[in-house]
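[1] Can you look at this prediction? I've put the sequence above it.
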Amino acid sequence: MQRVDVKIHTRVVWLGYASIILALVWGVGIIAAIWAIRIAKGADVGMGTDQRIQRDLRGGLLLARAGLVLNAIVLVVIAWSIVTTLV
């Protein structure tokens, strides 16, 4: 079992926050959301891992998923406005 890097959990949390904030900027936060989800899924969390790290990873994953949904909504609205403007 690999030991979780101490910085991974904070990176996931900050990327989750960034994905939500960047949803306001043309949906570019989708990159941060996907990156956070990939990092969180790749983290090897076992019974010996600190509770704080496990909680941060779960919370960061929740933030990233919320950011993914917000970014998807923004991108759909942008695509819809482009399609209705051009047609």
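    That came in fine, so what should we check first? Residues are numbered from 1 along each chain as shown.
[2] Per-residue pLDDT of residue 80, please?
    Looking at residue 80, its pLDDT stands at 95.
[3] how close does it sit to residue 66?
    Taking Cβ to Cβ, to the nearest Å as the measure, residue 80 and residue 66 are separated by 21 Å. Every C-beta, even on glycine, is put in place using the N, C-alpha and C of the backbone.
[4] Which residues outside the helix or strand harbouring residue 40 are in contact with it?
    Secondary structure from DSSP states H and E places residue 40 in helix 29-42. Residues outside helix 29-42 that contact it (Cβ atoms under 8 Å, 6 or more residues apart in numbering) are 8, 11-12, 15-16, 18-23, 57, 60-61, 63-65, 67-68, 70-72, 75.
[5] Residue 80 and residue 66 - which one has more neighbours?
    Comparing residue 80 with residue 66 by other Cβ atoms under 10 Å, the one with more neighbours is residue 66, at 15 against 10.
[6] ok, for the more buried one, nearest residue in space, not its chain neighbours?
    residue 20 (6.1 Å; Cβ to Cβ, 6 or more residues apart in numbering).
[7] packing partners for the helix or strand harbouring that neighbour?
    Per DSSP H and E: residue 20 is located in helix 6-21. Judged by 3 or more Cβ pairs under 8 Å, 6 or more residues apart in numbering; DSSP states H and E, helix 6-21 is in contact with helix 29-42, helix 51-86.
[8] Buried ones in the first one, by neighbour count?
    Applying a neighbour-count criterion of 16 or more other Cβ atoms under 10 Å, one finds 29-30, 32-37, 39-40 buried in helix 29-42.
[9] same deal with the longest one?
    With burial defined by 16+ other Cβ under 10 Å, the residues of helix 51-86 counted as buried are 53-54, 56-57, 60-61, 63-65, 67-68, 70-71, 74.
[10] Need those in TSV (columns: distance to residue 46 and pLDDT).
    Output for the buried residues of helix 51-86, formatted as TSV (distance: Cβ to Cβ, whole Å; pLDDT from 0 to 100):
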residue	distance to residue 46	pLDDT
53	11	83
54	9	85
56	15	88
57	12	88
60	18	92
61	17	92
63	23	94
64	21	94
65	23	94
67	27	94
68	26	94
70	32	94
71	31	94
74	37	92
